[in-house]
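S.K.: following is a predicted model, sequence given first.
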Amino acid sequence: MSVSPGRWRPAAAIFGAALLFLSASACAKSEDDGTASSGAAAPSAGAQVVQSAAADGPTCTLDQYGGTKIDLKTAKVGFSQSEKEANPFRIAETQSIKDEAAKLGITNLTTTNANSQFNKQISDVEQMIDSGVQLLVIAPLNSDGWDSVFAKASAKKVPIITIDRKINAAACKDYLTFIGSDFAEQGKRAADEMAKAMGNKGKVAILLGSPGNNVTTLRTSGFKDQIAKVAPDIQVVFEQTGNFSREEGQKVTEQLLQSNPDINGIYGENDEMALGAITALKGAAKKAGDVKVVSIDGTKGAVQAIVDGWASAVIESNPRFGPLAFETATKFFGGEPVGQDIIIQDRQYGTDNAKTDISAAY
């Protein structure tokens, strides 16, 4: 695919050479609940690009973490998904793990899904540890409450790679590394796009993600801090959780339109809530563009909403973690240092590139 100039923006300076990992694209239905630096090669559709990693930051090695070298092809590997796979992000994420495992010849992969029940996710992971997994990849539902898992994993020296949401614990001790986006920067970029779309003035509502995880916290603070900085005449007049769900996003927006009929903008902390908001706007006889909508994820449905005039911008949060997760594990078990925080770059979509670049969405 072609990448429009300027549409790939790093969240911070790139500390090491950008690493490109490709993964299969995932086609997904939607129900409830994804910018190379100047001079870098344009990423292919679906690629994750490392923005900052081991080169200049804290690292972790097999000797530091404890444990023994293993061959991933014959190892027992566990993957814990947090939310039901009716959400395009979760579908693409799980499929990426499965596809990369198959590509690498990993024949003993166990996958579980907590269906948004935190107690179930803890139980799922503990059962996998008890069954003898030698590597865990976890997409955490919540950022806290993992002590029992860490105790079990530490006792058996099972390395844990966390993806897409960060756990509040010590890297290279409780878990090996975190791989994911800069969530505060995503919020800031969304604020920049909202300010542009609203002409730096008006009233905006925030559809908050699920409580209890750092994604919601940072996407909120990043957005609000940046709006206050770049567009002080924009007021945040409404905030309510939609739990990353399209259905709840619609219901919350219906309430919003009753209490704040003069709202000018809606920031959805994921695409599913934003798409629910668009359904509510249509139900309220609003016209495309009457209320500016900006969201985060990068699903095909949301990018299509830009093409159709209902959304102004979408900041990607790339869910295709399989190649980077297993590349990191391979380096770790091979004795190489890996970064304790591996931050990926995320593209963004707007009216200038949504139609041409929709193939990169998931």
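M.R.: Here it is on my side, so go on.
S.K.: and stretch 135-149, how far out from the chain middle?
M.R.: Computed by C-alpha atoms, centre = their mean, to the nearest Å, the separation of stretch 135-149 from the middle of its chain amounts to 16 Å.
S.K.: before we move on, what about stretch 190-203?
M.R.: On C-alpha atoms, centre = their mean, the centre of stretch 190-203 falls 23 Å from that of its chain.
S.K.: what sits up against that stretch?
M.R.: 204, 219, 222-227, 230-231, 233-235, 237, 260, 262-265, 267, 292, 294-296, 312-313, 315, 348, 350 (C-beta atoms under 8 Å, 6 or more residues apart in numbering). Where you see a C-beta, it was placed from the backbone N, CA and C, and this is true even at glycine.
S.K.: in helices, which of these fall?
M.R.: Secondary structure from DSSP state H places 219, 222-227, 230 of the contacts of stretch 190-203 in helices.
S.K.: re earlier: just the buried ones from the contacts of stretch 190-203?
M.R.: 204, 219, 222-224, 226-227, 231, 234, 237, 263-265, 267, 292, 294-296, 312-313, 315, 348, 350 (16 or more other C-beta atoms under 10 Å).
S.K.: pull the contacting residues for the residue nearest to residue 149 when sequence neighbours are not counted.
M.R.: Excluding the flanking residues, the one nearest residue 149 by C-beta to C-beta, 6 or more residues apart in numbering is residue 125, at 5.1 Å. Applying C-beta under 8 Å, 6+ apart to residue 125 gives the contacts 78, 80, 112, 136, 138, 149.
S.K.: point out where the stretch 1-150 of the chain drops to low pLDDT.
M.R.: Low-confidence segments of the stretch 1-150 of the chain (pLDDT under 70): 1-45, 47, 51-56.
S.K.: all strands for it, in order.
M.R.: For the stretch 1-150 of the chain, the strands defined by DSSP state E, counting those that start in this stretch cover 20-21, 48-52, 59-60, 77-81, 109-113, 135-138.
S.K.: who are the packing partners of the third one?
M.R.: What it means is strand 59-60. Applying 3 or more C-beta pairs under 8 Å, 6 or more residues apart in numbering; DSSP states H and E, we find strand 59-60 packed against strand 338-339.
S.K.: tell me the strands beside whatever helix or strand comes next after the strand it packs on, with direction?
M.R.: Counting by DSSP states H and E, the element after strand 338-339 in chain order, helix or strand, is strand 341-344. Strand 341-344 pairs in its sheet with strand 48-52 (antiparallel), strand 177-180 (parallel), by DSSP bridges.
S.K.: what's the closest of those to residue 358?
M.R.: Smallest distance to residue 358 across the strands paired with strand 341-344 (C-beta to C-beta): 18.4 Å, for strand 48-52.
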